[in-house]
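In: got a sequence here, can you model it:
(2 chains)
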Amino acid sequence: MVSMNKNIRVRFAPSPTGYLHVGGLRTALYNYLFAKHNGGKFILRIEDTDQSRKVEGALENLIRTLKWAGLEYDEGPDKDGNCGPYIQSERLPIYRQHALDLIKNGNAYYCFCTPERLDDVRKKQTELKRSFSYDRHCREIPLGEAEQRIAAGEKYVVRMKVPLTGEMTFEDAIRGKVTIAYKVLDDQVILKSDGFPTYHLAVVVDDHLMGITHVIRGEEWLPSAPKHLLLYRFFGWDAPVLAHLPLLLNPDKSKLSKRQGDVAVEDYRSKGYLKEAIVNFVAFLGWNPGDEREVFTLDQLIHDFSLERVGKAGAVFNVEKLNWLNQQHIRLLSDETLAEMFRPMLEVKGIRISDEAYFLRVIGLLKEKLTFPQDFGEYSTYFFEEPKTYEEAGIQKYWEPETSQRLTRLAEVFDAVEEFSHTAIETVMKRLADELQIKTSKLIHPARLAVSGKQVGPSLYELMSVLGKETVVRRLRAASKAMKTS
RNA sequence: GCCCCUAUCGUCUAGAGGCCUAGGACACGGGCUUUUCAAGCCUGGAACACGAGUUCGAAUCUCGUUGGGGGCACCA
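Out: Below you'll find the predicted structure:
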């Protein structure tokens, strides 16, 4: 049940790369679900501390997609909650001050190594088949000397002073105890020479200042978690609960990437996937309610979500199941909602709806057949205009020499029917089949072809009753004639 | 190379020592719906990576091996 823990605050902190990655959507979703389930706050923060990666319009697009998916945040760039700004590039003085604090208390130091020198070190280490880590060349430069060099205009970065020995053990909410030795960590740059912080500094400072209680993020951050925890300790702050989510994978099990298909939420959106389906699908990549329910709305997810039920192993993004969920969620939408979704599809085909009630009946008839909303445009045209052609394969399969005559007879008997209902149609067709001493299917298949031009579709009796007597009779006669002469 | 994480059907997963000759879903095969399928129903095949322990008993606990993934930037 929803406990009203007002103190819970989580955040989704993407870097604005131009589009929302489905993995990012899942991270955002889990944060959102966790917050909403617990009556807490969900915050959007933009991590744009890499100036070289700036993308025009990325922020707007990100926000639009997040809102489209239904993940409304309580605080963010365009929604203040007294913890702003929520864009890191607008918080530079804060990071600088905190970096200086760390220098003052001896937990960080100025480093003057040039990128060239670091390259050299890296190369040598690679030759020796050793992993790269900074050789701590500047770690012992006295503070006074460093400050003089800065005053003289020398370029510098600030690095955190990682202990040389010992290890960090912490409790991950998903993985349990994780231990990493300090010696495998290097003295991470926390403030770059352009004055921007690196992720490691910014994330810790902001999470603390914004009162974040639970950090729910991708597994790729697990190895650097000790650095963050160390920074909390250096600052004298309590660390939030950490929860590292398993990764989303390509079919070949590598980290989900652009190379192997669509990764942008926008791509799926434009292909006709419903937000409900995408959200439902992505939620189930790493989480499940523990019973056999599979189709969930966002509200149901909020109700049932818990971090305890999040798995540890990576999950392959499998489109087949997403398709199925899309179909399920289309059925869950009301006919009226679908009407607004389908209307434009018909309009581009030059079809304007004049009879709303009729439109809704057509939707009711077809909605169970749809995997994508756009399928409606394809399956429904004969409800709005005369079939222009008859599917060739259908003619081959169902049209016999006697068919034209039979359909003419069918038109005649239909003409005499008072109430053109589903049941009346069925009765009349079966009676005629008896009379002609043929199987009903000898009438049914050609009639469908005549009336819709297609071989497949919803129940023929219902289809005909929706079309109405006039139309059905007219089309039967037209087809009968067309086939006879051909 | 080093470090960390991880391991049940093709895929998503249930399973927290006996309820498991391992359950569900997607996909796939077969059948039914004396009307189609693109819907529905029924049905079939399909998995505990391996090896040692612990235990009366292990998919479940421990260790190791192997496989997979991630990380090791003045990127996030």
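In: what about stretch A:62-71 and RNA strand B, touching?
Out: No - if you take C-beta under 7 Å from any atom of the strand as the test, stretch A:62-71 misses RNA strand B, and the best it gets is 12.0 Å. All C-beta atoms are positioned from the backbone trio N, CA, C, and that covers glycine.
In: quick one: buried residues of that stretch?
Out: Neighbour-count burial for stretch A:62-71, with 16 or more other C-beta atoms under 10 Å as criterion, is recorded at A:62-63, A:65-66, A:69, A:71.
In: just those residues: which are in helices?
Out: Of the positions in the buried residues of stretch A:62-71, A:62-63, A:65-66 sit in helices, assigned by DSSP state H.
In: looking at these, which one is closest to A:Val203?
Out: A:Leu62 (17.6 Å; C-beta to C-beta).
In: surely the closest one touches A:Ser15?
Out: No - here A:Leu62 does not reach A:Ser15: they are 9.5 Å apart, not a contact under C-beta atoms under 8 Å.
In: which residues do these two both contact?
Out: Each of A:Ile46 lies in contact with both A:Leu62 and A:Ser15 under the rule C-beta atoms under 8 Å, 6 or more residues apart in numbering.
In: secondary structure element holding the nearest residue to A:Arg352 once chain neighbours are set aside?
Out: Leaving out its chain neighbours, the residue that sits closest to A:Arg352 by C-beta to C-beta, 6 or more residues apart in numbering is A:Leu346, at 7.6 Å. When elements are defined using DSSP states H and E, A:Leu346 is found to belong to helix A:335-347.
In: quick revisit: going by distance to RNA strand B, which of the ones in helices among the buried residues of stretch A:62-71 wins?
Out: Distance to RNA strand B across those (C-beta to the nearest atom of the strand) is lowest for A:Leu62, with 12.0 Å.
In: show me what contacts that closest one?
Out: Contact partners of A:Leu62, counting by C-beta under 8 Å, 6+ apart, are A:14, A:16, A:19-20, A:46.
In: which one of those residues has the most neighbours?
Out: Going through the contacts of A:Leu62 with other C-beta atoms under 10 Å as the criterion, the one with the most neighbours is A:Leu20, at 26 neighbours.
In: which residues touch that residue?
Out: A:14, A:28, A:61-62, A:65-66, A:264-266.
In: any chance of a markdown table for those, columns pLDDT?
Out: What follows is the contacts of A:Leu20, written out as a markdown table (pLDDT from 0 to 100):
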| residue | pLDDT |
| --- | --- |
| A:Pro14 | 96 |
| A:Ala28 | 98 |
| A:Asn61 | 95 |
| A:Leu62 | 96 |
| A:Thr65 | 97 |
| A:Leu66 | 97 |
| A:Ala264 | 95 |
| A:Val265 | 96 |
| A:Glu266 | 96 |
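In: just the buried residues of the strand or helix carrying A:Leu322, please?
Out: Remark: A:Leu322 resides in helix A:319-332, with elements defined by DSSP H and E. Of the residues in helix A:319-332, those scored as buried under the neighbour-count criterion (16+ other C-beta under 10 Å) are A:322, A:325-330.
In: and the residue of the stretch 51-200 of chain A that's closest to RNA strand B?
Out: Counting by C-beta to the nearest atom of the strand, the stretch 51-200 of chain A gets nearest to RNA strand B through A:Ser131 (2.1 Å).
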